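>>> have a look at this prediction, sequence included:
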Amino acid sequence: MGLGADDNGAEVHAGDTFGSGGEFSKTLWRCKVTIPKSVKIGGKRYKVCVSKTNEMYTLGEIDYDKRVINIYTKTKARKIPKSEQQVVFWHEVVHGILEEIKPKLSKDEQFVQGMAEHLVDVFKSARF
Ligand SMILES: [Zn+2]
């Protein structure tokens, strides 16, 4: 399921919360909450591809069959800040997890986006 303006205004939400990079993304990179090359969800390995897209509003997608998560750095409409790409990555991961445990919930974009933003916040604020 993609993340974009046509999905409950999730794109606007992420932008509002995190602005356009800056301090937030610096903190994230320092905490090493970066976008990995691949992850396992429910025992299945997903390849993570970071690239540009010709789409207008899609910021990310997960393909359960091909086992690929796409994260976009630039759409036809705008450049996507790294801090926002992080949220998009977790958004797609939450979709993947929910497909394993509660597929119906995966259709709730607001829930998925809320989970993604909270997860990023947890990582960002973690102290060890
Ligand atoms: Zn979504």
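Received it, and whenever you're ready, just let me know what you need.
>>> from here on, just use CA atoms for contacts and neighbour counts.
Will do.
>>> for stretch 69-81, how far is the first residue from the last?
Taking C-alpha to C-alpha, to the nearest Å, stretch 69-81 runs 18 Å from one end to the other.
>>> just use 340 as the starting number from now, easier for me
Sure, I'll start numbering at 340, so the last one becomes stretch 408-420.
>>> quick one: buried residues of that stretch?
Neighbour-count burial for stretch 408-420 flags 408-414, 419-420 (criterion: 16 or more other C-alpha atoms under 10 Å).
>>> ditto for stretch 392-402
Applying a neighbour-count criterion of 16+ other C-alpha under 10 Å, one finds 392, 396-401 buried in stretch 392-402.
>>> where along the chain do the helices fall?
Counting by DSSP state H, the chain has helices at residues 349-357, 362-369, 421-440, 448-464.
>>> least confident secondary structure element in the chain?
Least confident helix or strand of the chain, by mean pLDDT, DSSP states H and E, is helix 349-357 with a mean of 35.
>>> now the buried residues of stretch 408-420 in TSV, with distance to Ala465 and pLDDT?
Below are those laid out as TSV (distance: C-alpha to C-alpha, whole Å; pLDDT from 0 to 100):
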residue	distance to Ala465	pLDDT
Ile408	25	98
Asn409	26	97
Ile410	24	97
Tyr411	26	97
Thr412	26	95
Lys413	29	96
Thr414	31	97
Ile419	25	95
Pro420	22	94
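>>> longest strand in the protein, please.
Determined from DSSP state E, the single longest strand within the chain is strand 383-391.
>>> who are the packing partners of that one?
Packed against strand 383-391, as judged by 3 or more C-alpha pairs under 8 Å, 6 or more residues apart in numbering; DSSP states H and E, are the following elements: strand 377-380, strand 407-413.
>>> name the nearest residue to the residue nearest the centre of the chain, ignoring sequence neighbours.
By C-alpha atoms, centre = their mean, the chain has its centre lying nearest to Val427, at 1.7 Å. Sequence neighbours aside, Gly399 is the residue nearest to Val427 in space, at 6.1 Å (criterion: C-alpha to C-alpha, 6 or more residues apart in numbering).
>>> for the ion, see how far away the residue nearest to the centre of the chain is.
Remark: distance between Val427 and the ion (C-alpha to the ion, to the nearest Å) = 8 Å.
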